[in-house]
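**Student:** How does the following fold in three dimensions:
(chains A and B)
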Amino acid sequence: MADMLIYSEAPAVACELAAGGRRLAAELGLGLSAAALGPGAAGPAAELGACGADRVFVGDDPALTDLPTDMVAEALAQVVAEAGAECVLLGSTRRGKELAGRLAQKLGAGAATDVMSLTVRDGALVGSRYSLGGATVAEVRVETPVKVFAVMPKVFEAGTAEAGAGEVLRPQLSLTPSPVEVVGRAPREGEAVDLEAAPLIVGAGRGFAKREDLDLARDLAAALGAELACTKSLADFEWLPEDRIVGLSGAKASPDLYLGVGISGQVQHTVGVSRAKTIVAVNTDKDAPIFQLADYGVVGDLYEVVPALVEKLKAG
Amino acid sequence: MRIVVCVKTNLDLQMVRIKGREPVLEAVPYKVGDLEKNALEAALALKEDGLDATIVAVTIAEGDRKIGETMKEALAIGADEAVVVDDPALAATDQAAIAAALAGAIRHTGGADLVLCGEGSTDGYSGEVGSRLAELLELPQLGYARSVAVADGAVTVERSLDDQIETLRAPLPALVTVVSEINEPRIPGLMQIMKAGKKPLTELTAAELGIDAGATASQTAVLSELAEEQDRKHIMIEGDAAEQAADLVDALATEGVLRR
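**Tutor:** Numbering: from 1, shown residues only, chains lettered A, B, ... in the order given. From the prediction side, this is the model:
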């Protein structure tokens, strides 16, 4: 029987892919294989079975130390051949997205990355992803014999599929060490923020005239118990760190409340909040596109409206 | 050394309007992509740091627009020369064919010691082309660079991953993709724009690169491409700032989205 193969370097994402992949594979009449790569990969292998995989291909060749993209792609191409895989699901993390292109090229495969939903339609996988900078959503079908999809984290929910047999296999991989060398690793600077999990978000845009004025947005976020986020332009000014960006090049959030302050509403930003339950916009320009996306719109000067909001919220 | 910067020219997305749920693309001009400008700036910074380099901007177009004009922007920013593969055979194609055309153009025009790309394009943002090109040219790849340095025949980058910063080094030739935080691209002045028209621009066809119709057939099919449906209330809150604040807090309380 042909297989679907799932792989992510991030164990949580791999488990999500196994759960989602198991359902899709069943619809397509495929078995589900997983790959666990890198030194110590045998450890997580058993878990991938519990997550939904029938077979787990373990590759702990020394050439996979530090997971260089060229060698991971080569190892996966060899596993695809061994498993007779027709499609490969990767996690669309940064590493996974980088891997998708290289693996697809090795396999002569078409690919879709940053996939935010993946379904079976007329016997084929169809992935949706943003296009035109987020203005539109494209539904993409891959036409090659082997197909590669890089699926965004949290598209599938771990633990929603029955466990697979989890048979552990050790394919004979033929790899040579990558010329790329890891010379250092450090955690990201600044406090970690997970905007995609935040229930309330205050977003700041270029309506703020200077960096210090962002204290107004911080006060509002504090009064709401919200996380502070921003447009890409504020991060480009280095007023806020990159991990606070909401939009195409940052977090795709789905909070209960998104309160955008001084944000005009270009799609590259709004694509990151369009799944919010309630959207509020505060902007001086009544014609700003953000109001077309807003449930509640406040046309006004943020330097007056935000302090008034903070006062009202504190008064309860 | 030769630094090749892969430049995608995409529709100016600020000018794209949505009608019904369909994007309206008529009369929307093309421009050099945002991350491609970061890649060009990174190449220029290396050169200004004393690296003896020629910067070649390479692009792919489908033959029905004035790509030479658009590429003057890349030349004005500071590329020394431009290579354009301009061919209707590349009209309805995808990332694999673009990567093949880029690989062909690079091989055809003197190769590359360092290839720089954006980590994705401003419009499609698939991030596939850099990786596919690295595989085609059999190059080591160093993705998501927020800094890049060249010394002793090797390239070193600090790369920005989801949860960490990783420093990678690889011998040249190599391919690097950059993230937007790497630099602030310069805006060319009038003199640079004037000089851009005099810089060499080489035009190639797919056939000259040995790329046939089979190689340019799309490996993916786009079944639909529509704006997301949004069902929003569009309630405008009037009054002075204090009244607006009070009404908004009441509304949010009714929505049940406030933490109480």
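**Student:** For residue A:42, give me its contacts.
**Tutor:** A:36, A:58, A:60, A:168 (Cβ atoms under 8 Å, 6 or more residues apart in numbering or on different chains). (C-beta placed from N, C-alpha, C; glycine too.)
**Student:** ok, and does the longest strand seen in chain B reach over to chain A?
**Tutor:** The residue-count maximum for a strand in chain B (DSSP state E) belongs to strand B:141-151. Yes - using Cβ under 8 Å from any Cβ of the partner chain, we find that strand B:141-151 touches chain A at B:141, B:142, B:143, B:144.
**Student:** what's the answer for stretch B:244-260, then?
**Tutor:** Yes - Stretch B:244-260 lies within reach of chain A by Cβ under 8 Å from any Cβ, at B:244, B:245, B:246, B:248, B:249, B:251, B:252, B:255, B:256, B:257, B:258, B:259.
**Student:** picking that back up, got the buried residues for the longest strand of chain B?
**Tutor:** By 16 or more other Cβ atoms under 10 Å in any protein chain shown, the buried positions in strand B:141-151 come out as B:141, B:142, B:143, B:144, B:145, B:146, B:147, B:148, B:150.
**Student:** which element follows it toward the C-terminus?
**Tutor:** With elements assigned by DSSP states H and E, the helix or strand that comes after strand B:141-151 is strand B:154-160.
**Student:** Let me see the mean pLDDT of the longest strand of chain B.
**Tutor:** Mean pLDDT, strand B:141-151: 97.
**Student:** For whatever residue of the stretch 51-200 of chain B ends up closest to chain A, list the residues it contacts.
**Tutor:** Relative to chain A, the nearest point of the stretch 51-200 of chain B is residue B:131 (2.8 Å; Cβ to the nearest Cβ). Listed by Cβ under 8 Å, 6+ apart, the contact set of residue B:131 reads A:69, A:98, A:99, A:100, A:101, A:102, A:105, B:141, B:143.
**Student:** any idea of the pLDDT on it?
**Tutor:** Reported pLDDT at residue B:131 in the predicted model: 98.
**Student:** And the strands in the stretch 1-150 of chain B?
**Tutor:** With strands called from DSSP state E, counting those that start in this stretch, the stretch 1-150 of chain B shows them at B:2-6, B:9-11, B:17-19, B:22-24, B:30-32, B:54-61, B:81-86, B:114-118, B:141-151.
**Student:** Tell me the strands beside the fifth one, with direction?
**Tutor:** Applying DSSP bridges to the sheet, strand B:30-32 is found paired with strand B:9-11 (antiparallel).
**Student:** Need the three-state assignment for residue A:73.
**Tutor:** Three-state call for residue A:73 (DSSP: H, G, I helix; E, B strand; the rest coil): helix.
**Student:** Roughly how far does it sit from residue B:136?
**Tutor:** From residue A:73 across to residue B:136, the span is 13 Å (Cβ to Cβ, to the nearest Å).
**Student:** who's more crowded, the two?
**Tutor:** Using other Cβ atoms under 10 Å in any protein chain shown as the criterion, residue A:73 and residue B:136 rank with residue A:73 on top: 24 against 18.
**Student:** Surely the more buried one and residue B:134 touch.
**Tutor:** No - in this structure, residue A:73 is not within contact of residue B:134 by Cβ atoms under 8 Å, at 9.6 Å.
**Student:** which neighbours do these two share?
**Tutor:** Counting by Cβ under 8 Å, 6+ apart, the shared contacts of residue A:73 and residue B:134 are residue A:102.
**Student:** Residue A:151 and residue A:89 touch, don't they?
**Tutor:** Yes - if you go by Cβ under 8 Å, residue A:151 and residue A:89 touch, sitting 5.7 Å apart.
**Student:** So which residues on the stretch 1-150 of chain B come close to chain A?
**Tutor:** B:11, B:13-14, B:16, B:18, B:21, B:23, B:94-96, B:99, B:122-132, B:134-136, B:140-144.
**Student:** Just the buried residues out of those, in PyMOL syntax.
**Tutor:** Applying 16+ other Cβ under 10 Å to the residues of the stretch 1-150 of chain B next to chain A, the buried members can be selected in PyMOL as follows:
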select buried, chain B and resi 11+13+16+18+23+94+95+96+99+122+123+124+125+126+127+128+129+130+131+132+134+135+136+140+141+142+143+144
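**Student:** among the residues of the stretch 1-150 of chain B next to chain A, which are in helices?
**Tutor:** Among the residues of the stretch 1-150 of chain B next to chain A, the members found in helices (DSSP state H) are B:95, B:96, B:99, B:128, B:129, B:130, B:131, B:132, B:134, B:135, B:136.
**Student:** Could you dump the residues you listed into CSV and include distance to residue A:243?
**Tutor:** Output for those, formatted as CSV (distance: Cβ to Cβ, whole Å):
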residue, distance to residue A:243
B:95, 27
B:96, 32
B:99, 30
B:128, 24
B:129, 25
B:130, 22
B:131, 23
B:132, 28
B:134, 27
B:135, 30
B:136, 33
